[in-house]
Each structure stands twice: as C-alpha cells, then as structure tokens.
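Engineer: Give me a model of this one.
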Amino acid sequence: MRQRAYLILTVLLAASLLSPMALLHAAPSEAELIGVLKSDAPKAEKAITCKKLAVWGSKDAVPVLVPLLKDEQLASWARIALEQIPDPACKKGLRDAAPGLKGRMLIGVINSLGVLQDAEAVPMLITKTADADPEIACAAAAALGRIGGDKATDALVKLLKHSNMELRSTAAYACNVSAEKCLKAGNGAKAISLYGTVAKAEVPGQRIREATEGGVLARGEAGHAMIPNLLASKDMDMFQVALRLLRRVPGLKIDDKMLATLKALPRSRQETALVALANSGNSQALPVLIDLSKSISKEGQRAIVSSMAKIGNASCVPLLAKHAGGADPELAETAMISLVVMRCEGIEESIISELKSAPPAQCCALLKIVDYREIKEGLPLAAKYVNNQDKSVADAAVSALAKLGSVEHIPGLVGLVAKKGPDPALIKALRTISSRNGAKSLPALRPLLQNKESDIRREALHCLASAGGPDALAALVAAINDKDEGVSDQAVRALSTWPNVWPDDPSAGEPLLKLAKDGKKQLHKVLALRGYAEYVRTSKKMSPADKFTAAKEIMKLAAGTPEEGKAIALLATIRTEDSLKILMQHTSSERKEEAFAAIFQLVEVSADGIPKDLRRQAVQQIMEGSKNRRLKKRAAELLGRIK
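Structural biologist: Now for the predicted structure:
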C-alpha cells in the first residue's frame with residue numbers, strides 16, 4: 001500500500017508539471033488501459049500499460065493481468081501491477097496462476113505472494129518447498145518467512161534440517177524474518193523461540209549471528225545479561241555480534257559483570273568494544289569509557305573523546321582537559337571540540353573548577369574553551385592568568401578577556417602594556433574591549449597616552465579610535481602635536497579615518513578641515529583632506545547645499561594635486577545643479593576623463609532638481625569630449641532616455 005501511494009504521488013507530481021491540456025490526460029481511463037492489454041499492441045506498450053495499472057488499476061484489471069503471468073516478457077510487468085492494486089483478487093489471481101507456471105515465472109509469482117503476505121498461499125508454498133528445483137524451494141521458504149504464522153514457521157523449522165544447505169540457509173533467514181514480525185506484533189515469546197531454534201541449527205554462520213543478535217534484542221533488558229558472554233566468546237563472529245549489540249541496545253546498563261568482562265578482554269578487543277560503546281550514544285557508558293580509555297591506543301582514545309561531544313557530561317571534563325593540553329595534536333584537537341560543543345548541566349562549572357589548578361598546557365586549552373564558549377564566570381581567572389609567565393597561557397587569557405572583558409579589565413591590560421611594551425595580543429584585546437564599551441573606556445586608556453614610550457603612545461591612538469566619542473577625538477587632535485613624529489603621524493592617520501569608523505559622528509569635520517588647511521606637513525594635509533572628503537560624502541546631517549559648499553572648499557585645497565580627483569568624485573555624489581556645473585567646467589582640465597565619469601554618474605541617477613536641458617548638455621559634452629568608448633556609448637544611451 002505504501003509503495004502504491006508513493007507511485008500515485010510520483011505520477012501526480014509529474015502531472016502537476018505538465019501543461020493544462022496534458023494534465024487532462026494525466027489520469028488514463030482504466031478501461032482504456034485494459035483495452036490495450038487485450039489488443040494486439042506491441043509488448044513494450046503493454047509493459048508500460050501494466051505500470052500505469054499499478055497506479056490506476058482496480059480489481060477489474062486482474063482478469064487481464066493474470067494471463068500475462070505466463071508471458072516471459074510481460075510476467076514481471078504484470079506482477080508489478082498485481083502487487084500494487086489493493087484488492088484480494090490480486091492474491092487469488094496469483095495463487096490460481098501458480099500451478100500452471102514453472103521456472104523463473106513461478107518463482108516470480110511466489111515472490112509476489114510473499115510481498116503481499118498472502119496467508120492463504122501458505123499450504124501451496126509449503127508444498128513448493130519440496131520442489132525438485134532448489135531455486136523454487138528457496139523462493140517458497142523466503143515467502144513463508146515474509147507471511148509468517150504458525151503453519152509457515154513450523155514448516156520452516158523442519159527445513160532447518162534439510163539436506164540442501166542452500167535451502168537450510170534460506171529457511172533460517174526466513175525464520176529470522178518471521179521472528180522479527182512476531183516481535184513487532186507483540187509476540188516476544190514466539191520470536192525468542194524462533195531465534196533460539198535458528199541459533200542452534202546447523203546453518204551458515206551468518207544466519208546464526210542474525211538469530212543470536214535478534215534473540216538478545218527480543219529479550220529486552222533480560223537480554224543484556226547475554227552480551228558479556230558474547231564479548232568473552234572465543235568465536236570472533238560472536239564477538240562481532242556483541243559489538244553490534246553494544247552499539248544498538250538502547251540504555252544498556254554497564255553492571256559489574258559487564259565491567260569485569262570489559263576489563264578482562266585482550267587489549268585489542270577491549271579497545272574495539274569501548275569504541276563500540278562510545279558510538280552507541282549511551283551516556284551510562286561514560287564511567288567505564290573514562291576509566292578504561294586511559295590504557296588504549298591514541299586512535300581508540302580519539303574515537304571515545306569524539307563521542308563525548310554527544311554523550312559527555314561534567315564528569316568528562318578532567319579527562320578532556322588532560323587530552324586538550326596533551327602532546328598528541330589530533331587527540332588535543334578532538335578533546336577541544338568536545339569541550340566546546342558539549343551541552344549539559346554543570347559543564348561550565350566543571351571547566352572553571354579544572355582551570356583553577358590546571359598545569360600550563362591544560363590551562364591554556366581551558367582558557368581557549370572559556371573564550372570559545374564565552375564563559376563569563378571564567379573572567380576572574382582569565383584576568384589572573386594574563387600575568388602568567390608561560391606566554392601561551394598569558395596569550396590565551398588575553399584572548400578570553402578580549403572576547404568577554406569589560407571596562408574594569410582595561411587597567412590590568414594597560415598595566416601589562418606599560419610593563420611588557422605594545423604586545424600585539426594586548427593591544428588587540430584593548431582595542432576590542434574599547435570598541436565594545438565605547439567612550440566609557442577612555443579614562444582607563446589615558447595612562448597609555450601619557451606613557452613615556454612613543455611606541456606605546458602610538459598604539460594608544462588605535463585604542464582611542466576604537467572607543468570613539470568626543471573625548472577620544474579631542475585626544476587624537478591633541479596628539480597631532482606630540483613631540484614624537486611617529487605619534488603625530490599616527491594621530492593624523494587615526495583622525496583621517498575617523499569618518500570611516502564613526503560615520504555618524506559630526507564632530508570630526510571641523511578638525512579635519514582645519515588640519516587640511518593648516519597642517520605642518522604636506523602628508524598631514526593630504527590625509528586630512530581625504531578624511532574631510534569622506535566625512536562630507538558620508539554625512540547624513542549635512543544638506544546638499546552644505547555638502548556643495550564643502551566640496552568647493554575641497555576643490556580649492558586640492559587644486560593641482562592628486563587629491564583633486566577625490567574632489568571630483570565627491571561632487572558626483574552631491575545631486576545639485578551647481579555640482580553639475582562645476583563638473584562641466586572641469587571637462588577641459590587635465591582631469592577631464594574623471595570629470596566626464598562624474599558627470600555621467602550624477603546625471604544617470606539625478607532626475608529631480610537639475611534642468612533637463614542642462615543634463616542633455618552635460619551628456620553631450622561626454623559624447624563629444626571623452627576618449628572612453630564605453631562611457632561614450634553609455635552616454636548616448638542615456639541621452640536617449642532624457643526626454
């Protein structure tokens with residue numbers, strides 16, 4: 001039934017993609033399909049018709065399909081339909097056809113009866129298990145297993161002693177299938193009996209393993225006690241069954257017998273069993289995994305440590321911390337991943353507890369975990385460890401402070417910078433914390449500005465720029481007059497990029513313009529002019545008129561310098577008539593191509609506020625004066641759109 005529903009869904013989905021006219025013909029008439037099978041149509045067409053009847057057919061199609069079971073070319077196609085049509089007539093048709101069939105076609109019908117689980121076919125199938133053709137006998141045995149029931153299973157049990165090993169194997173497989181059906185139906189006792197019979201029979205090992213595993217699972221918790229015996233078995237096949245059970249049995253209890261068995265296993269077997277337990281997702285196995293994993297290979301340890309990402313709890317932290325700080329890089333990485341992704345109660349408290357007394361390598365790893373997991377309770381320890389003599393530990397602590405720290409942690413970092421110099425990790429942490437906490441960071445940063453070492457004062461300016469605010473900006477402007485040229489230059493650079501970092505701050509415009517006019521060094525003037533141009537471009541508070549006035553000032557200051565191009569580009573963003581006129585005046589200068597590009601940008605996006613005739617005139621200038629063919633082509637297209 002499920003397969004038929006799937007077929008119907010598939011056909012309907014395909015039909016939904018067709019045109020409306022094709023959709024009208026998507027569901028064929030059953031009568032028409034039956035007519036095709038009765039006709040002299042080619043067998044290929046009849047085969048497709050059988051498939052269609054699997055979807056659209058009813059019991060009316062059965063009398064036409066059954067005769068096709070004798071046709072070597074169409075038998076399998078007919079069975080497809082008979083297996084899918086939901087009517088008892090299909091089973092009867094298959095049963096009635098069986099006596100008149102031989103060989104592969106009979107085997108096909110037997111298989112179909114098994115698929116349909118036709119209980120009325122059991123007597124006939126039992127008879128067929130004695131057929132001289134072993135393939136027919138095996139097919140009948142397999143079908144009996146799928147059908148199930150007392151009569152079928154009794155016959156199958158008898159076949160377990162048949163002289164033909166292939167038939168015995170098939171019968172054993174069928175018994176196992178039938179046992180599984182019994183278990184699903186709630187008849188556990190029958191399932192256990194069948195599994196036990198197969199397990200004791202002289203059949204291939206694969207069937208015995210299947211039965212043994214099924215027998216344990218069928219017993220539920222009572223079957224758990226059988227697993228230690230299988231683990232300790234000298235038969236490697238039974239040991240493999242035990243491994244599968246370790247992975248499959250939900251909530252397997254690790255009792256004293258199981259623990260003793262695991263401890264007594266040879267090392268290679270013990271490791272394999274522990275890995276199987278680790279892969280089971282059974283958190284009850286954690287104590288034994290933690291205890292016994294210490295003596296197995298690195299590969300086994302990695303598998304167990306990896307499993308703790310899913311089943312681990314706070315009790316795993318000491319072991320994981322040890323591995324995370326260990327010498328094996330792959331094992332350390334696996335332990336780190338498990339520590340990061342584990343989600344359970346008490347895990348972070350356990351990490352903090354381990355961090356308090358961990359040796360340097362583990363301390364470094366755990367500080368990274370505090371960073372990755374953003375454990376704020378670890379901040380006091382991170383603040384403590386920034387002074388650690390082990391650089392890796394100190395760096396990890398600084399990184400954690402950068403991620404989680406607040407203003408209260410800035411003085412300690414500032415003190416370290418004063419002591420150690422402008423260490424990149426320390427400066428990065430200060431910049432990150434300052435950026436996160438803004439202007440309130442400034443008081444704690446001031447000692448860096450007053451430090452006698454110029455390289456520290458220079459790095460302090462980066463922190464000020466990250467913090468932002470009027471006081472930080474004022475401190476940057478004051479630092480332009482620092483006695484050290486490097487500090488002064490850095491202050492100008494930080495000021496010139498202020499509009500990029502803080503585009504909504506309107507207070508940067510005045511000092512930038514002043515520096516662009518009166519800077520003591522040409523470099524300062526150039527950087528300030530660039531910064532002022534960016535300030536004007538990004539300002540949301542300046543009106544177009546104010547921006548145009550500022551742009552004219554920039555044009556005057558940049559005249560004859562490479563910065564003139566930035567002024568031209570700025571005018572292209574100020575959508576006013578005056579901006580366009582200024583740009584048109586520059587089409588005869590050395591920067592005419594830049595002016596042409598700016599004109600095109602301005603006219604293309606501006607329709608309001610600029611007279612149409614002026615826009616046409618500007619575009620005409622591009623077409624007549626530019627040497628850029630692509631720009632001229634685009635200008636011609638634009639001119640056609642200006643109506």
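Engineer: Please export the C-alpha coordinates of stretch 294-311 as CSV.
Structural biologist: Extracted in CSV, the C-alpha atoms of stretch 294-311 (Å, rounded to 0.1, in the frame of the first residue of the first chain):
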residue,chain,number,x,y,z
LYS,A,294,43.5,5.6,29.5
SER,A,295,45.2,2.4,28.5
ILE,A,296,44.2,2.1,24.8
SER,A,297,45.7,3.4,21.6
LYS,A,298,45.6,7.0,20.5
GLU,A,299,43.2,6.1,17.7
GLY,A,300,40.8,4.5,20.2
GLN,A,301,41.1,7.4,22.6
ARG,A,302,40.2,9.8,19.8
ALA,A,303,37.1,7.8,19.0
ILE,A,304,36.0,7.9,22.6
VAL,A,305,36.9,11.5,23.2
SER,A,306,34.9,12.4,20.0
SER,A,307,31.9,10.6,21.2
MET,A,308,31.8,12.7,24.4
ALA,A,309,30.7,15.6,22.3
LYS,A,310,27.3,13.9,22.1
ILE,A,311,27.1,11.8,25.3
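Engineer: List the contacts of it.
Structural biologist: If you take Cβ atoms under 8 Å, 6 or more residues apart in numbering as the criterion, stretch 294-311 is touched by 267, 270-271, 274-275, 278-279, 281-283, 285-286, 289, 293, 316, 319-320, 323, 328, 330-331, 334-335, 337-338, 341-342. The C-beta positions use only the backbone N, C-alpha and C, and glycine is treated the same way.
Engineer: Lys592: what's it in contact with?
Structural biologist: 586, 625-626.
Engineer: re earlier: show me which of the contacts of stretch 294-311 are buried.
Structural biologist: Applying 16 or more other Cβ atoms under 10 Å to those, the neighbour count classes 270-271, 274-275, 278-279, 282-283, 285-286, 289, 293, 316, 319-320, 323, 331, 334-335, 337-338, 342 as buried.
Engineer: Can you pull the poorly scored residue ranges out of this structure?
Structural biologist: Scanning the chain for pLDDT under 70 picks out the ranges 1-27, 606-608, 643.
Engineer: how does it divide up, domain by domain?
Structural biologist: 219-311, 435-541, 551-643 (automatic domain parsing).
Engineer: now the ones you listed in CSV, with distance to Glu348?
Structural biologist: Output for the domains of the chain, formatted as CSV (distance: least, Cβ to Cβ, whole Å):
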stretch, distance to Glu348
domain 219-311, 15
domain 435-541, 21
domain 551-643, 50
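Engineer: Now the strand or helix carrying Ala309: buried residues?
Structural biologist: If you go by DSSP states H and E, Ala309 is part of helix 298-311. Within helix 298-311, the residues that count as buried by 16+ other Cβ under 10 Å are 300-309, 311.
Engineer: Likewise for stretch 551-558?
Structural biologist: Those would be 551, 553-555, 557-558, for stretch 551-558 by 16+ other Cβ under 10 Å.
Engineer: what residues does it touch?
Structural biologist: Contact with stretch 551-558 is made by 513, 516-517, 525, 529, 532-533, 536, 563-564, 566-568, 570-571, 574, 579, 582, as judged by Cβ under 8 Å, 6+ apart.
Engineer: So which of the residues you listed sit within helices?
Structural biologist: Members of these lying in helices (criterion: DSSP state H): 513, 516-517, 525, 529, 532-533, 536, 564, 566-568, 570-571, 579, 582.
Engineer: Please enumerate the strands of the stretch 1-150 of the chain.
Structural biologist: Read by DSSP state E, counting those that start in this stretch, the stretch 1-150 of the chain holds no strands at all.
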